[in-house]
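> got a sequence here, can you build the structure:
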Amino acid sequence: MVQRRFIGLVAAAVVTVGGGTAAVVWHGDDEPAAVARFYDPPVAAEPPVGEEPVAETAAVVDQPVRKAKPQRAISRGIDLAAENAKADLPQRDTEPFSMVSVTWTDPKDAPSGAVEVRTRSAQTRRWSTWQALETEESNGPDRDKEATAKVRGGTGAIWVGPADGVAARVRSGSASEPLPAGLRLNLIDPGRPGAATPAQKGGGQGGAAIAFPAYKTRAEWGADETLVENPAEYATDVKVQFVHHTAGGNTYNCADSPAILRGILTNHVTNRGWNDIGYNFLVDKCGTLFEGRKGGVDRPVIGAHTYGFNTGSSGIAVLGDYRTIGVPDVVKTVLARVAAAKLGQYNLSPIGTSKLTEGVSDGKFPLGTVVDFQRVSGHRDGVNTECPGDTLYGQLPSIRSLAGGSDGSIVAQAPTGGRAYNGSYYVKNTVTMNWTTTTPQESLAKFELLVDGVVKATATADARSAPVALTAGTRKVQVRSVRTDGGTAITPATTVVADDKAPVFNPGLSVEPRTGTVSTTVVPVSVKWKVTDNVRLASVRLVSPSAVSFGGTATSYATTVRPATATTWTMRVADLPGNTAESSVARTATLVPETSATRYKTWTAKSNTSYLNGKALYSATAKARLTWTFSGRGVGVIVGRTSTSGKIDIYVDAQKRATIDTRTSGSSYRQMIWTMATGSGRHSIAIINTGAAGRSGVTIDGIAHLS
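Residues are numbered from 1 along each chain as shown. Model (predicted):
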């Protein structure tokens, strides 16, 4: 039988990149052309919609079929030249590969825009759509644990299947932001491993012996041990299991998982400059578990998976992208069993928290910060990243429950005793937890109520609800059933916020005159308040003289009162836990006619039924003045307004407070045109005609004050 072989490009070439050029250089092993792959005859492919066909440049020769020999995984690099905040590599032929990544020189200098590739299948000859690459852990190894002189930043390596063509594009977030230096497109051929060698066994450095789930050793998935230069390093224990995803897509066949692992190892060591694969364990979507970083699955091997927190933790990565879909139940079970085994070695329950210290100066937390982690945490809990994807991250509570021995026989019901809001439950100091269970009562010993992983209350086997007291703050509350045989089941954590401090009025309610139309039965006023609470307000209500509800951010209410009648305003507020506070104020509005003012210079009485009491004072004389004295907390000036009305100066307690233009486009009456909160006491107010040129007349209809 004769089969066709496609010979790849020569070792170096020059291609056009975004109007400039990019030097194309193979990095890694210099594989001769004779090592090219064998594929079925190519199938004619249609170009992607909107793109022109790309001419094939590889030579086609007839070759006899030969038996494939073991071959090490290799990575070939194409250096990308950036121009105008972008780098483009047009479609082109390549040597065979199955995984792709992009790296750059400075681990901290990731592109702020998209990093995308498309590849051509070596079997169908069709080009894929553009695929996004997710930036991986910027500095996987903690700097004091692994040589970093050659460490590079980069994306995760995605599985694309057998391919022999590639295109790439990298973008900055803006035209003014340069791309990182040293951009390189890495084409990874995971190779064909030889016969598996005996698995390396770890020493007994851990704690109590725990049954570990079945797994494929490094030898079984074909790890190239010649890549690993330095021996493994060890912590004293494992306190936290960090869960990751590789973000490499979910369409792979599980039969390809060993090849994917070889590609990740090559990407981490050859392209990223790490000592070994970063994760301690990996699991594919079919639930097959793989040994990751060498050093012994039963030992506290320091990995390169959660920058700043690699010491004292273990990292397990699920092959695939779990931002929008969750992992299957079989994977959840494996994640739970690994966590139970690793943490159980050190007598730690997967339910609860452990403290780790931030070990790097440029991590998510300040250097030296002691961080309290859930013992089964997501990558994002320790590093600023999307990993392990929103959906998988949301599955972690159920994985913790499985790891803690849950058999799914206890189901949490809505708690009582407080108020639910935005995913949390708010109480003063006690929450009542409610649950159901399918376990027969005769098989139950008791129920335990855990607060932040610690048992704080117990209930009898026949109970289906129980209260638990909480100290102030945000707490994680769970209910655990304990069977007579010692088995347990536990509910996911409910976030409960405890707070027994009442809201505070600071200051209390106040009432001030406001501008608007006055009558013998109505005076416009504003009710004002300020309320603070250390959690969140749930309701703000005026309960008298009428019932009105407000939003939590409201601070004033425009209303009216009947003059010469004492009015009491009462406001009641409540926060989410149910703590309440109340404030009241009583005020009386008084209308003072213009006739009671002390006059200076010429003022003329005017009659009109639209004026208060049918009368007002008019003056066209500059410096004409009206003066009143009053006792109260606020005052307002009432005028008549026309298109020829002039201006007035207003003095309170002998200090000028304002100059007001009383002109308006039409005619209006009984207008409280200016107001002021004066504070309690006896005050004076003077209104002076400024004698404005061409419109010197002003009409004063009295004042109103609050006492």
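
> figure out how far the longest helix along the chain is from the centre of its chain.
Secondary structure of the chain read by DSSP state H shows that its longest helix is helix 329-344. Between the centre of helix 329-344 and the centre of its chain there are 26 Å (C-alpha atoms, centre = their mean, to the nearest Å).

> again with stretch 587-602
For stretch 587-602, the distance to the chain centre is 61 Å (C-alpha atoms, centre = their mean).

> check stretch 615-631 too.
Distance of stretch 615-631 from the chain centroid (C-alpha atoms, centre = their mean) equals 63 Å.

> in stretch 82-100, what's buried?
Buried residues in stretch 82-100, counting neighbours by 16 or more other C-beta atoms under 10 Å, are found at 82, 85-89, 91-100. Placement of C-beta: from N, CA and C, glycine included.

> and the strands in the stretch 301-450 of the chain?
Assigned by DSSP state E, counting those that start in this stretch, the stretch 301-450 of the chain shows strands spanning 313-318, 353-357, 370-374, 376-378, 410-416, 419-421, 424-427, 430-437, 444-451.

> partner strands of the third one, with direction?
Pointing back at strand 370-374 there. strand 353-357 (antiparallel) (DSSP bridges).

> give the rounded mean pLDDT of the partner strand.
What strand 353-357 shows for mean pLDDT is 95.

> using CSV, list the CA coordinates for that strand.
Output in CSV follows, covering the C-alpha atoms of strand 353-357 (Å, rounded to 0.1, in the frame of the first residue of the first chain):
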residue,chain,number,x,y,z
THR,A,353,-11.1,26.2,55.6
SER,A,354,-7.3,26.3,55.8
LYS,A,355,-4.9,29.2,56.0
LEU,A,356,-2.2,29.8,53.4
THR,A,357,0.3,32.7,53.2
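
> now the strands of the stretch 301-450 of the chain in JSON lines, with mean neighbour count?
Output for the strands of the stretch 301-450 of the chain, formatted as JSON lines (neighbours: other C-beta atoms under 10 Å):
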{"stretch": "strand 313-318", "mean neighbour count": "27"}
{"stretch": "strand 353-357", "mean neighbour count": "17"}
{"stretch": "strand 370-374", "mean neighbour count": "16"}
{"stretch": "strand 376-378", "mean neighbour count": "26"}
{"stretch": "strand 410-416", "mean neighbour count": "16"}
{"stretch": "strand 419-421", "mean neighbour count": "14"}
{"stretch": "strand 424-427", "mean neighbour count": "22"}
{"stretch": "strand 430-437", "mean neighbour count": "19"}
{"stretch": "strand 444-451", "mean neighbour count": "20"}
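
> for Ser128, which of the ones you listed is the nearest?
Nearest of these to Ser128, taken as C-beta to C-beta: strand 313-318 at 22.5 Å.

> still on that earlier bit, of all the buried residues of stretch 82-100, which two lie farthest apart?
Ala85 and Pro96 (32.2 Å).

> and the closest residue in space to Val100 that isn't next to it in sequence, how far is that from Ser607?
Nearest-residue entry for Val100: Val117, 5.1 Å, with adjacent residues in sequence omitted and distances by C-beta to C-beta, 6 or more residues apart in numbering. Separation of Val117 from Ser607 (C-beta to C-beta, to the nearest Å): 89 Å.

> neighbour-wise, which of those two wins?
Neighbour tally, Val117 and Ser607, criterion other C-beta atoms under 10 Å: the higher count belongs to Val117, 24 against 8.

> so where's the stretch 451-600 of the chain uncertain?
Applying pLDDT under 70 to the stretch 451-600 of the chain flags the ranges 484-486.

> tell me the SS of Arg262?
helix (DSSP: H, G, I helix; E, B strand; the rest coil).

> list the contacts for it?
73, 190-191, 193, 221-224 (C-beta atoms under 8 Å, 6 or more residues apart in numbering).

> of those residues, closest to Gln241?
Checking the contacts of Arg262 against Gln241 by C-beta to C-beta gives Trp221 as the nearest, at 20.8 Å.

> can you pull the contacts of the closest residue to Tyr426 other than its chain neighbours?
Leaving out its chain neighbours, the residue that sits closest to Tyr426 by C-beta to C-beta, 6+ apart is Leu576, at 3.7 Å. Residues in contact with Leu576 (C-beta under 8 Å, 6+ apart) are 418-419, 421, 426, 497, 499, 535-538.

> can you check Ala457 too?
Going by C-beta under 8 Å, 6+ apart, the list of residues near Ala457 reads 448-449, 466-469.

> can you rerun that using 7 Å?
Residues near Ala457 by C-beta atoms under 7 Å, 6 or more residues apart in numbering: 449, 466, 468.

> as TSV, those residues with distance to Leu626 would be great.
Shown next, in TSV, are the contacts of Ala457 (distance: C-beta to C-beta, whole Å):
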residue	distance to Leu626
Leu449	73
Ala466	73
Val468	69
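
> name the nearest of the residues you listed relative to Ala341.
When the contacts of Ala457 are compared against Ala341 (criterion: C-beta to C-beta), the nearest one is Leu449, at 27.2 Å.

> thought that closest one was touching Lys456?
Yes. Taking C-beta atoms under 7 Å as the definition, Leu449 is a contact partner of Lys456 at 5.8 Å.

> identify the residue spatially nearest to Thr629, adjacent ones excluded.
Using C-beta to C-beta, 6+ apart and skipping residues adjacent in sequence, the residue nearest Thr629 is Ser684, 5.0 Å away.

> ugh, wrong one, I meant Phe550
Val540 is the one closest to Phe550 (C-beta to C-beta, 6+ apart), at 4.4 Å.

> show me the beta-bridge partners of the one you found.
Phe550, Val573.

> from Thr568, how far off is it?
18 Å.
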